[in-house]
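Undergrad: Test case, fold it:
(one chain, ligands or ions: 1)
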Amino acid sequence: MTVQVEVKDRIGIVRLNRPERLNAINMEMVHDLVREFNRLKGEVKAVIITGNGKAFSAGADVKEMLGMSLEDVVREGHMPLWDAMRGFRKPIIAALNGVTAGGGLELAMACDVIIAAESARLGQPEINLGIIPGAGGTQRLTRTIGKYRAMDLVLTGRLISAWDGYRMGLVDKVVPDEALMREALRLAREIGERSGFAVELGKEAVNKALDTTLQQGLDLERRNFYVSLMSEDGKEGMKAFLEKRKPQFKS
Ligand SMILES: C/C=C/C(=O)SCCNC(=O)CCNC(=O)[C@H](O)C(C)(C)COP(=O)(O)OP(=O)(O)OC[C@H]1O[C@@H](n2cnc3c(N)ncnc32)[C@H](O)[C@@H]1OP(=O)(O)O
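TA: Reported below is the predicted structural model:
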């Protein structure tokens, strides 16, 4: 299996599992990830995705990609993975345990939180292969770190340290290597204690900020706010605050 999955206390842990290829993403892994995300969506409160071995992922499998025709890439390609992640309503935490390059960084940027081990290295090295990023590496990256820093990474292909990623706002938190999964699990559990419905609405609204105008984003935020306000969990959370007790969320 190119992916190993376990569920612990309603937290899904997805491990990319082609360590001998630095977890390069091939079509088999795309299908495995799509299947697992579909399976996990009704089961968990949050998902952590990380890599087995010394890399998170070194990107799309270059050998496989070279063998694909234009028709294969357009018709099959990795689109089902990005679609499955976009439709996944629960938060996904990327725990970067090592090299996170090309499609690997694009995979991380399709997640909702990025935590990195101190030894992780990040970048978009596609230019070294004579190609450019194709799954968010010019778009999500630019919206996250700004045009000039994105140009530097996309046009040179150099890998940066986890701390440089942190300074650029690409990484939310850097932790010692041995603390990576502990921190990812701690965060997933903390989120998991909140109302699952409110978490979904909050995730949707924050993500909207990246792909819409300010006014459209504000409209969606307001709609989601009203929905949360009228939800069972919203009423329970506000009542519990006033009654000075812990809320009992249903979702
Ligand atoms: C839409 C998305 C597009 C894309 O993602 S395009 C791909 C973008 N990614 C890259 O260009 C990264 C390619 N990989 C590298 O440049 C290097 O790796 C690293 C700098 C990331 C790490 O270097 P080091 O630590 O020296 O490891 P190693 O010996 O190069 O890799 C171990 C084995 O893993 C294979 N491998 C690494 N990355 C990929 C890949 N992306 N696709 C297929 N295989 C890969 C290698 O070839 C090698 O294999 P063997 O032991 O047989 O020589």
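Undergrad: burial of K173, as a residue count?
TA: Neighbourhood size, K173 [other Cβ atoms under 10 Å]: 14. Where you see a C-beta, it was placed from the backbone N, CA and C, and this is true even at glycine.
Undergrad: Look up how far the ligand lies from the spatially closest residue to it that is not a sequence neighbour.
TA: Excluding the flanking residues, the one nearest K173 by Cβ to Cβ, 6 or more residues apart in numbering is I115, at 4.8 Å. I115 sits 20 Å away from the ligand, going by Cβ to the nearest ligand atom, to the nearest Å.
Undergrad: shouldn't I115 be in contact with V171?
TA: Yes: with contact defined as Cβ atoms under 8 Å, I115 counts as touching V171 (7.2 Å).
Undergrad: where does this structure have its least confident helix or strand?
TA: One helix or strand of the chain scores below all others by mean pLDDT, DSSP states H and E: helix 70-75, with a mean of 87.
Undergrad: Mind listing residues that contact that helix?
TA: M65 (Cβ atoms under 8 Å, 6 or more residues apart in numbering).
Undergrad: does it come close to the ligand?
TA: No: on the criterion Cβ under 6 Å from any ligand atom, helix 70-75 is out of touch with the ligand, staying 9.3 Å away.
Undergrad: Surely the residue nearest to K173 forms part of a helix?
TA: No: counting by DSSP: H, G, I helix; E, B strand; the rest coil, I115 is not part of a helix but strand.
Undergrad: gap between it and S161?
TA: According to Cβ to Cβ, to the nearest Å, I115 and S161 sit 15 Å apart.
Undergrad: Just want to know which of the two has more residues nearby.
TA: Neighbours were tallied for I115 and for S161 using other Cβ under 10 Å; the higher tally belongs to I115 (27 against 16).
Undergrad: Now for the more buried one: which residues touch it?
TA: Contacts here follow Cβ under 8 Å, 6+ apart; on that basis I115 touches 93-96, 171-175, 180, 183-184, 187.
Undergrad: With pLDDT, secondary structure and distance to G137 as extra columns, can I get the residues you listed in JSON lines?
TA: JSON lines is the format used below for the contacts of I115 (pLDDT from 0 to 100; DSSP: H, G, I helix; E, B strand; the rest coil; distance: Cβ to Cβ, whole Å):
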{"residue": "I93", "pLDDT": "98", "secondary structure": "strand", "distance to G137": "20"}
{"residue": "A94", "pLDDT": "98", "secondary structure": "strand", "distance to G137": "14"}
{"residue": "A95", "pLDDT": "98", "secondary structure": "strand", "distance to G137": "20"}
{"residue": "L96", "pLDDT": "98", "secondary structure": "strand", "distance to G137": "15"}
{"residue": "V171", "pLDDT": "98", "secondary structure": "coil", "distance to G137": "15"}
{"residue": "D172", "pLDDT": "97", "secondary structure": "coil", "distance to G137": "19"}
{"residue": "K173", "pLDDT": "98", "secondary structure": "strand", "distance to G137": "22"}
{"residue": "V174", "pLDDT": "98", "secondary structure": "strand", "distance to G137": "21"}
{"residue": "V175", "pLDDT": "98", "secondary structure": "strand", "distance to G137": "24"}
{"residue": "L180", "pLDDT": "98", "secondary structure": "helix", "distance to G137": "23"}
{"residue": "E183", "pLDDT": "98", "secondary structure": "helix", "distance to G137": "25"}
{"residue": "A184", "pLDDT": "98", "secondary structure": "helix", "distance to G137": "23"}
{"residue": "L187", "pLDDT": "98", "secondary structure": "helix", "distance to G137": "25"}
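Undergrad: Done for today, thanks.
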